[in-house]
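Novice: requesting a structural model of the entry that follows:
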Amino acid sequence: MPNLDFYAIDKDFLVVLDYVFEKSGCRVFESYSKFDEEILEFEKPEDIIRNRKSGQSTYLQLVVPSASKLVEIRRIPLDESTGHRFRYSIDGWGLIQLYLGNQTLAGITNSHTNHNSEARARHWEPTRDMDSVSRWDWKEIVSVSSALNRFIRKQAVASAFRRPYCHLPRAHTTPE
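Specialist: Sure, this is the predicted structure:
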């Protein structure tokens, strides 16, 4: 499973998200909807940035182009004691996770990318009611995920705790 933990904050995420929308060809969804709301599919990076809550991480799922019909939006009923009725999640064997960390008074929490391997998905297939693992294009998933990780590593200006630290390229900065 190619995973990458990295550090980035604020507008640094725009560089990563620009890549996702312009180069990967992926559809981008939130992992879970807000309570009592539909799940969001994002059309551009600014939609994600605008939707982020200060001090909270953002959890996204990337759907590779060949898998658009393989994912399922699942309604999750909630116990009435929670004060909410439902929320939604997006499910599928070959989704690519992109978690955007945040900055707090304690420091920067790491961001993360990852996806299932075909072997892991096959192992868990009997336990989940989802479309067949064999319908997913695993070469495409690995290719898109690996390209994203390479792009993020190239943005790194330093490393902390063996994790790349991405910094907004000078061309994208705004004058002070």
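Novice: buried residues in stretch 86-101, which are they?
Specialist: Residues 87-101 are the ones in stretch 86-101 that count as buried (16 or more other C-beta atoms under 10 Å). (Glycine included, C-beta is placed from N, CA and C.)
Novice: actually, stretch 10-21.
Specialist: D12, F13, L14, V15, V16, L17, Y19, V20, F21.
Novice: and those residues, which is the shakiest by pLDDT?
Specialist: Among those, D12 has the lowest pLDDT, at 81.
Novice: please tell me how far that one sits from V63.
Specialist: With distances taken as C-beta to C-beta, to the nearest Å, D12 is found 24 Å from V63.
Novice: tell me the one of the buried residues of stretch 86-101 nearest W124?
Specialist: W93 (8.3 Å; C-beta to C-beta).
Novice: among the buried residues of stretch 10-21, which ones are in helices?
Specialist: D12, F13, L14, V15, V16, L17, Y19 (DSSP state H).
Novice: among the buried residues of stretch 86-101, which pair sits farthest apart?
Specialist: So, those by C-beta to C-beta: farthest apart are W93 and G101, at 25.2 Å.
Novice: check which helix or strand covers I49.
Specialist: Assignment of secondary structure by DSSP states H and E places I49 within helix 45-51.
Novice: neighbouring strands for the next helix-or-strand element following that helix, and are they parallel or not?
Specialist: Next helix or strand after helix 45-51 toward the C-terminus (DSSP H and E): strand 58-63. Sheet pairing here is set by DSSP bridges, and for strand 58-63 it gives strand 27-30 (antiparallel), strand 96-100 (antiparallel).
Novice: CA atoms only for the first one - export them in PDB, please.
Specialist: Just to be clear, that refers to strand 27-30. Provided in PDB are the C-alpha atoms of strand 27-30 (Å, rounded to 0.1, in the frame of the first residue of the first chain):
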ATOM      1  CA  ARG A  27     -13.400  12.700  -8.800                       C
ATOM      2  CA  VAL A  28     -13.100  14.100  -5.200                       C
ATOM      3  CA  PHE A  29     -15.500  13.400  -2.400                       C
ATOM      4  CA  GLU A  30     -15.600  14.000   1.300                       C
END
